[in-house]
Every structure is written in structure tokens, then in C-alpha cells.
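Chemist: here's a sequence, model it:
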Amino acid sequence: MRKTLILPWTEDWAILYIREEKILKEIFNDKIVDIFHIGSTSIPGIGFAKPIIDILIVVKDIKIVDSFNEQLQDIGYEPRGENGIAGRRYFPKGQEHRTHHVHIYQVGHVNIKTHLDFKDYLMAHREDAASYGDLKRRLAKQFPEDHYKYQEEKQVIVDELVKKAIKWALECKGG
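Modeler: Here you go, the predicted structure:
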């Protein structure tokens, strides 16, 4: 079972993202519409995070992504298909010692906006970001050997933050 490791936020995560972004752009080339660093490692005010770089890739056609599975495997990614989310392609890297998660969606998928609004909300609301980071640290101490229990407990707060982010985006960003 994977252990839950939470570390203090570091600027190194932005550097790791930029390196991986370059590699992924070379693989997908003109199939990428956009690419983003998302998740806790992309939010300085969060304070603490799992040292896993989450990457969101937007493509023109989700069906074409499967044709890149072998190239992604060659650089350490594991193709997991939708992995429980319709319309997504998911690729973790690093097996038990994860370093990256790549989430790929086709233009227009609702999860693109949800991920970006969540990040923007936490960037704009440092108190919520810091509270979320503290929660991650507490849960990791409480469930160091049970990653699934950590995720389950954290999801309650994530769901609340997503609701806040959606409302905030509608009010402040016009949707």
C-alpha cells in the first residue's frame, strides 16, 4: 500500500512541472490545446502537499490520446484509461513512489474548468489554501500507511472547496 508523504511547499515543484511540460509537449506536439500545472504543488499558499506534480492537458480529440500510450510508457507513465472519470485519460508516473499525475481531457470537458477554478480560488484565498494544506499534513500523520483513508477523509473538504471555487468563479470571473 502506498504511503502518504506530505512535504512543505517548494518552488522546486514549478521547475519539475516545467521540465515535464516540455517533454509532454514534444510527445503530443500539435495535439495539445493547452497544458497546466494544477493541484497542490501549483499553489504556493497551500504550505504543504504531496510531492506529486499534477498536470492537466487539454486536447482537441480525447480518442487520439490512447495512440500515445507506448510513448508515455517509455518515459515512465502508466496508462490507466479513464480511471473512474468519463472522458479523461489518466497517467501516473512512478508507481509506488509517484512523481507525476497527468490528467487529459478534451476541450470543453467540465473538469477542465473545475480544476482551474479550484486552483485559482485557492491562489486568491490564502486562508483556505493554508487550512487545506494543514489538513493534508494532519491526515498524513493520522493515516501514514493508508493512502486510501487519507484520500477518503480529504475528499470531504475538497468537495466543499470545489463548491466554493465554482461559486467564486461565477461571481468574480463571470463563469
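
Chemist: poorly predicted segments of the chain, please.
Modeler: Counting by pLDDT under 70, the low-confidence segments of the chain come to 1, 173, 175.

Chemist: before we move on, what SS does the residue nearest the centre of the chain have?
Modeler: In the chain, the residue lying closest to the centroid (C-alpha atoms, centre = their mean) is residue 54, at 3.4 Å. For residue 54, the assignment made with DSSP: H, G, I helix; E, B strand; the rest coil gives strand.

Chemist: excluding chain neighbours, give the residue nearest to it in space.
Modeler: Nearest residue to residue 54 in three dimensions, chain neighbours excluded: residue 39, at 3.1 Å (C-beta to C-beta, 6 or more residues apart in numbering). Quick note: C-beta positions are derived from backbone N, CA and C, even for glycine.

Chemist: surely that neighbour meets residue 51?
Modeler: No - at 10.9 Å, residue 39 and residue 51 do not qualify as touching, with contact defined as C-beta atoms under 8 Å.

Chemist: neighbour count for these two, which is higher?
Modeler: Using other C-beta atoms under 10 Å, the more surrounded residue of residue 39 and residue 51 is residue 39, with 22 against 18.

Chemist: check the offset of the top helix by length along the chain from the chain's centre.
Modeler: Counting by DSSP state H, the longest helix found in the chain is helix 147-172. Going by C-alpha atoms, centre = their mean, to the nearest Å, the spacing between the C-alpha centre of helix 147-172 and its chain's C-alpha centre is 13 Å.

Chemist: buried ones in it, by neighbour count?
Modeler: Going by neighbour count (16 or more other C-beta atoms under 10 Å), the buried part of helix 147-172 is 147, 150, 154, 161-162, 164-166, 168-169.

Chemist: repeat that for stretch 104-121.
Modeler: The neighbour-count criterion (16+ other C-beta under 10 Å) identifies 104-106, 109, 112, 115-121 as the buried residues of stretch 104-121.
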